[in-house]
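[1] Below is the sequence, then the predicted model.
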Amino acid sequence: MSPVTLLPFIVLIGAMFLMTRSAKKKQQQAASMRNDMQPGSGVRTIGGMYATVKEVNEDTVLLDAGPGVDLLFAKNSIGAVLTDDEYNRIVHGIEHDLKSDSDVVPDDASSLTGSAEAAETDDSVDEAAAASDDKAVDLGKKDATDEVQEKEKAADAEQAEAAEEPKKTTDGDSDAKK
């Protein structure tokens, strides 16, 4: 056989070798993770249940799923061993206080400039907002009834102007008798 016909078989065998090697590596990592489990650590089962390890045996794990709820699982059914912060965040909703380590990001961009003008402007905006709380804000939107009322007012104003104007005569029209 020629090397050209053997090339697809060689590539196929190489790909299979690489896939089985990575799968074995993942299995070894999972086995070492399961063997490193300690009582008190948080785990997630392959079914998606979160619990705390109560007791570790050779092939089984006793999990505490809640007050008075102890469950016996096979070690292979543990999907992940979680860190304390991750377990508390997921199960109890307790966030690790990372915010105290970092700077606080302001809500508005004016305080990012650091100028005194920004502080003064911010104070004047607050005062203006407090003063305008009593007044209604006109957003420029008009209802159909408002438009009809405005048209009626405009028509009334035109009629009033027409009534006030004296009649003007032109050169061709005179009221005098000839």
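    Received it, and whenever you're ready, just let me know what you need. This one's a predicted model, so the numbers in the text were calculated from it and none came from an experiment.
[2] Next, residue 36: phi, psi?
    The phi/psi pair for residue 36 (degrees, to the nearest 10) reads phi -90, psi 0.
[3] Quick check: it touching residue 81?
    Yes - at 7.0 Å, residue 36 counts as touching residue 81 under the criterion of CB atoms under 8 Å. Placement of C-beta: from N, CA and C, glycine included.
[4] So the closest residue in space to residue 39 that isn't next to it in sequence: helix, strand or coil?
    Nearest non-adjacent residue to residue 39, counting by CB to CB, 6 or more residues apart in numbering: residue 53, 5.3 Å away. Classification of residue 53 by DSSP: H, G, I helix; E, B strand; the rest coil places it in strand.
[5] which residues does residue 53 form a beta bridge with?
    residue 63 (DSSP bridges).
[6] Would you map the strands across the chain?
    42-45, 50-56, 60-66, 69-74, 78-82 (DSSP state E).
[7] what does the third one contact?
    By CB atoms under 8 Å, 6 or more residues apart in numbering, the list of residues contacting strand 60-66 from outside reads 37, 43, 45, 49, 51-56, 70-75, 78.
[8] Can you tell me how far the residue nearest to residue 39 is from residue 90?
    15 Å (CB to CB, to the nearest Å).
[9] more neighbours, these two?
    Comparing residue 53 with residue 90 by neighbour count (other CB atoms under 10 Å), the higher total belongs to residue 53, at 19 against 13.
[10] my read: that one touches residue 34, true?
    No - if you go by CB under 8 Å, residue 53 and residue 34 don't touch, sitting 10.5 Å apart.
[11] Could you list the low-pLDDT ranges of this protein?
    Residue ranges of the chain with pLDDT under 70: 96-144, 165-178.
[12] Which elements pack onto the longest helix anywhere in it?
    Determined from DSSP state H, the single longest helix within the chain is helix 3-35. Where contact means 3 or more CB pairs under 8 Å, 6 or more residues apart in numbering; DSSP states H and E, helix 3-35 is packed against strand 78-82.
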